[in-house]
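Asker: can't give you the sequence, but here's the structure:
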């Protein structure tokens with residue numbers, strides 16, 4: 001029996017008493033992935049990206065382990081909810097325009113001490129000030145601020161740009177200028193700088209069947225890492241001249257942990273997807289993890305030889321539309337989508353030799369293309385150890401929260 005076949009047998013035994021569709025997290029794989037992230041971080045703490053986990057119980061589990069410290073959140077409402085739930089170090093990774101939440105943040109000393117907001121434009125500071133005033137004058141708490149450096153790799157004099165369209169602050173001088181603007185404004189304190197190199201951390205460099213493209217990606221990423229390391233170090237020197245008590249410099253992502261951790265200017269690493277290891281991480285040379293989060297859907301039809309139909313399964317991931325944004329049939333091995341239908345909203349036909357061995361009611365296990373987005377489809381994660389379900393944990397959705 002292959003390793004994947006053994007996993008399928010375990011998951012089938014563990015969930016035999018449950019009706020699909022359902023989602024599971026293999027805790028042994030989850031913990032092994034956490035250990036691998038810590039090893040690659042080389043002693044620097046890992047801030048857990050909550051959007052890649054979206055389950056409070058699993059956030060608590062990983063933060064109880066050595067090597068992890070703090071949460072990187074994705075909305076201000078989520079940040080406040082986490083802080084009220086007892087998480088005392090929450091970095092909001094994206095700017096917010098949630099005036100009601102800013103009014104709450106600036107009026108509550110516990111929330112203000114726990115949450116750091118992201119800024120890359122003075123207009124975002126003005127929005128916070130407006131929220132203070134609209135709150136009736138009670139918003140006197142100091143707001144912790146983090147600035148974001150644009151990590152995009154620019155070549156040919158800037159005519160070619162590789163990287164996500166995030167912060168407008170690309171040069172050290174631009175970041176330092178905003179740092180001075182924060183320092184001049186009463187009610188704000190600059191505590192951190194973040195720089196997420198998504199074109200390195202979030203792009204696989206070993207694409208099956210595409211050796212030339214894979215090599216080009218590796219060459220680009222190596223050049224981008226060198227350029228960013230120098231620019232990030234210069235940026236932090238410039239910011240520390242304004243804010244010498246800067247608390248943290250955050251960088252990286254699951255796909256670049258060891259490279260970012262090697263930079264002296266970086267004090268902590270961001271990672272989250274590497275705990276679940278979705279299918280997008282199958283194309284990396286820098287690390288390999290164990291798939292930990294899966295969803296199972298039942299076989300409900302057998303339309304003919306070599307084909308079965310499962311209930312649902314059409315859970316696409318965000319990003320540019322393409323085949324790589326679809327979940328992948330994982331267990332049993334050898335199933336694939338019908339090219340005319342793909343993954344369906346209500347039913348999904350699957351073809352391949354293993355289909356003939358599947359019976360009505362059997363479970364087919366899938367891996368999502370991305371990590372935390374799976375949790376927007378399920379309200380509970382069944383926690384598996386060995387061949388037993390040892391507990392359940394509500395997702396954000398299961399606790400009544402759909403932040404985005």
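Answerer: Perfect, I can see it now. Keep in mind it's a predicted model, so treat the numbers as computed, not measured. Numbering: from 1, shown residues only.
Asker: list the contacts of the residue nearest to residue 63 when sequence neighbours are not counted.
Answerer: Leaving aside its sequence neighbours, residue 63 sits nearest to residue 48 (C-beta to C-beta, 6 or more residues apart in numbering; 6.4 Å). (Each C-beta comes from the backbone N, C-alpha and C, glycine too.) Contacts of residue 48 were listed using C-beta atoms under 8 Å, 6 or more residues apart in numbering, and they are 59, 62, 63, 68, 70, 71, 72, 271, 272, 275.
Asker: list buried residues within those residues.
Answerer: 59, 62, 63, 68, 70, 71, 72, 271, 272, 275 (16 or more other C-beta atoms under 10 Å).
Asker: is the fourth one in a bridge, and if so with what?
Answerer: Bridge pairing for residue 68 (DSSP bridges) gives the partners residue 46.
Asker: in whichever helix or strand residue 240 is part of, which residues are buried?
Answerer: Using DSSP states H and E, residue 240 maps to helix 211-242. In terms of neighbour count (16+ other C-beta under 10 Å), helix 211-242 has its buried residues at 214, 217, 220-221, 224-225, 228-229, 231-236, 238-240, 242.
Asker: ok, stretch 279-297 next?
Answerer: For stretch 279-297, by 16+ other C-beta under 10 Å, it's 279-284, 286-287, 289-297.
Asker: the stretch 1-150 of the chain: helices as residue ranges?
Answerer: Using DSSP state H, counting those that start in this stretch, the helices of the stretch 1-150 of the chain run over 3-14, 27-41, 56-63, 76-84, 99-105, 109-114, 122-134.
Asker: turn those into TSV, columns for distance to residue 157 and mean pLDDT.
Answerer: Shown next, in TSV, are the helices of the stretch 1-150 of the chain (distance: least, C-beta to C-beta, whole Å; pLDDT from 0 to 100):
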stretch	distance to residue 157	mean pLDDT
helix 3-14	49	95
helix 27-41	35	97
helix 56-63	43	98
helix 76-84	37	98
helix 99-105	39	96
helix 109-114	43	98
helix 122-134	28	94
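Asker: what's the closest of those helices to residue 145?
Answerer: Among the helices of the stretch 1-150 of the chain, the nearest to residue 145 by C-beta to C-beta is helix 122-134 (7.9 Å).
Asker: what helices or strands is that closest one leaning on?
Answerer: helix 99-105, helix 172-184 (3 or more C-beta pairs under 8 Å, 6 or more residues apart in numbering; DSSP states H and E).
Asker: angle of the longest one against helix 211-242?
Answerer: Counting by axes from the mean of the first three to the mean of the last three C-alpha atoms, to 10 degrees, helix 172-184 lies at 40 degrees to helix 211-242.
Asker: can you tell me what sits against helix 172-184?
Answerer: With C-beta under 8 Å, 6+ apart as the test, helix 172-184 has contacts from 119-122, 125, 145, 147, 149, 168-169, 188-190, 193, 231, 234-235, 237-239, 241-243.
Asker: okay, residue 256 and residue 291: tell me how far apart.
Answerer: 20 Å (C-beta to C-beta, to the nearest Å).
Asker: residue 155 too?
Answerer: Residue 155 is 35 Å from residue 291, by C-beta to C-beta.
Asker: equivalent analysis for residue 304, please.
Answerer: In terms of C-beta to C-beta, residue 304 sits 30 Å off from residue 291.
Asker: residue 42: how many residues sit nearby?
Answerer: For residue 42, the neighbour count with other C-beta atoms under 10 Å is 12.
Asker: now the helices for the stretch 301-404 of the chain?
Answerer: Using DSSP H, counting those that start in this stretch, helices in the stretch 301-404 of the chain do not occur.
Asker: how far is the longest strand seen in the chain from where the chain is centred?
Answerer: Longest strand in the chain by number of residues, with DSSP state E as the criterion: strand 293-304. Its chain's C-alpha centre and that of strand 293-304 lie 27 Å apart, by C-alpha atoms, centre = their mean, to the nearest Å.
Asker: over to stretch 184-196?
Answerer: Worked out by C-alpha atoms, centre = their mean, stretch 184-196 lies 23 Å from the chain centre.
Asker: same deal with stretch 382-389?
Answerer: 24 Å.
Asker: likewise stretch 236-254?
Answerer: Taking mean C-alpha positions (C-alpha atoms, centre = their mean), stretch 236-254 and its chain are 22 Å apart.
Asker: so for residue 199, what pLDDT did the model give?
Answerer: The score at residue 199 is 72. That number is its pLDDT.
Asker: residues near it, how many?
Answerer: 22.
Asker: same thing with residue 162?
Answerer: 17.
Asker: repeat for residue 144
Answerer: Considering only other C-beta under 10 Å, residue 144 is surrounded by 21 other residues.
Asker: next one: residue 300
Answerer: For residue 300, using other C-beta under 10 Å, the count is 15.
Asker: distance check, it against residue 310.
Answerer: For residue 300, the distance to residue 310 - C-beta to C-beta - is 7 Å.
Asker: low pLDDT regions in the stretch 251-400 of the chain?
Answerer: Along the stretch 251-400 of the chain, no part satisfies pLDDT under 70.
Asker: and the strands in it, which stretches?
Answerer: 268-271, 293-304, 307-311, 328-331, 336-337, 347-351, 363-367, 380-385, 388-394 (DSSP state E, counting those that start in this stretch).
Asker: give me the residue at the spatial middle of the protein.
Answerer: residue 52 (3.3 Å; C-alpha atoms, centre = their mean).
Asker: of all the contacts of residue 48, which two lie farthest apart?
Answerer: Maximum distance among these (C-beta to C-beta): 14.8 Å, for 70 and 275.
Asker: touching, residue 75 and residue 92? I think so.
Answerer: Yes: assessed by C-beta atoms under 8 Å, residue 75 is found in contact with residue 92 at 7.5 Å.
Asker: the more surrounded of those two?
Answerer: Using other C-beta under 10 Å as the criterion, residue 75 and residue 92 rank with residue 92 on top: 25 against 19.
Asker: check that one and give its pLDDT.
Answerer: 98.
Asker: how about residue 102: what's its closest non-neighbour residue?
Answerer: residue 131 is the one closest to residue 102 (C-beta to C-beta, 6+ apart), at 3.6 Å.
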